[in-house]
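only geometry, no sequence info:
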């Protein structure tokens, strides 16, 4: 009986050691991925709040836009093909005509009085909502993109 208890204990310890080892190894191999995942979740939460405040009236809560007046963000080819341009539009607004998913829109979009961090958060939110898969928009990228669009 004692031998059976030791054997059972050994099997349990071996099983626990093998389960815990792989996640530790993954964490040590790629520590930035877990930080980026956390940051992505934070940006999505904050971005949703910013979107609700500044964007949802025109682009709607479902991101589908409003008829021929305001373009969709959900499944938007225009949004997904150039995040730097999107950051500039979010921050500074846009007055020129654009084509989104084959439809022309000419409605003025005002700039938003938000920080570059907030631009990163809301752009991350719209780039990862309603079927979009754009990933995390970092503040350093947003800073570069906003500086570049101000020079134009």
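Okay, I see it. None of these values were measured; they are calculated from a predicted model.

hey, where'd the strands end up in the protein?
Applying DSSP state E to the chain gives strands spanning 93-94, 98-100, 103-105, 109-110.

Relative to residue 133, tell me which of these wins on proximity.
Residue 133 lies closest, by Cβ to Cβ, to one member of the strands of the chain: strand 98-100, at 17.6 Å. All C-beta atoms are positioned from the backbone trio N, CA, C, and that covers glycine.

For residue 98, give me its contacts.
Contacts for residue 98 (Cβ atoms under 8 Å, 6 or more residues apart in numbering) come out as 71, 78, 104-106.

same thing but 6 Å
Residues near residue 98 by Cβ atoms under 6 Å, 6 or more residues apart in numbering: residue 105.

The residue positioned nearest the centre of the chain - nearest residue in space that isn't next to it in sequence?
The residue lying closest to the centre of the chain (Cα atoms, centre = their mean) is residue 124, at 2.6 Å. Nearest residue to residue 124, sequence neighbours excluded (Cβ to Cβ, 6 or more residues apart in numbering): residue 43, at 4.0 Å.
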